[in-house]
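# Sharing a sequence plus its predicted fold:
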Amino acid sequence: MSLERESLIAALNTISDVYDEMVDKAHLLVTSYWTEWKEENKRIASLNQIPGDDSYVHIGRIAPRLKKSSNTHRVYLVWTDYKVTAYRKFQNRRSGVDIKPSKRNGYTWELMSKRANTWERAFFEKYEPLFIKLRTVLALIADQISMLKKALKTI
């Protein structure tokens, strides 16, 4: 094996380890969002509200999740709408509709406010800046991994 190939393999292994660490950090952030979100939903459900009342507060609808592509093995941080509909009522409770970010600004509160409840804004504004940084880093590292794999094929 040539020296160039060995150095590319070592670089690929190192970058893959860094990518896995970043995915673990993203998983921790998503998990912490979910725990806070579930606690707030439990608090709202325990209020014994009457639907249609002026002070009625709906349970949460939007939450982030990690989505792994099967063919590229990239991990994406996406927001998902978990609204219960007549169709989704009989499906898995974890199924939801991924919210597509705007091409120019990504995920913004203006985009989310069409689906989310007003109390979810605090959670969104707390976690989305962290998710923006993680999305950027994950995309850059995944690009480097794919370029290194292509370089290994040519050598």
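Yes, it's here. For clarity, every value in this text was computed on a predicted model and none was experimentally measured.

# any idea how far Leu29 is from the closest residue to Thr108 other than its chain neighbours?
In space, and not counting its chain neighbours, Thr108 is closest to Ser102: 6.8 Å by CB to CB, 6 or more residues apart in numbering. The C-beta positions use only the backbone N, C-alpha and C, and glycine is treated the same way. From Ser102 across to Leu29, the span is 22 Å (CB to CB, to the nearest Å).

# more neighbours, the two?
Neighbours per residue (other CB atoms under 10 Å) separate Ser102 from Leu29, with Leu29 holding more: 17 against 10.

# Can you spell out which helices and strands pack onto the host helix or strand of that one?
Per DSSP states H and E, Leu29 falls inside helix 3-45. Contact analysis of helix 3-45 by 3 or more CB pairs under 8 Å, 6 or more residues apart in numbering; DSSP states H and E lists strand 62-68, strand 75-81, helix 120-154 as its packing neighbours.

# Relative to the whole chain's centre, how far out is the last one?
For helix 120-154, the distance between its averaged C-alpha position and the chain's averaged C-alpha position is 11 Å (CA atoms, centre = their mean, to the nearest Å).

# Least confident secondary structure element in the protein?
strand 97-98 (a mean of 86; mean pLDDT, DSSP states H and E).

# I'd like the next helix or strand past it.
Next in line after strand 97-98, if elements are assigned by DSSP H and E, sits helix 109-112.
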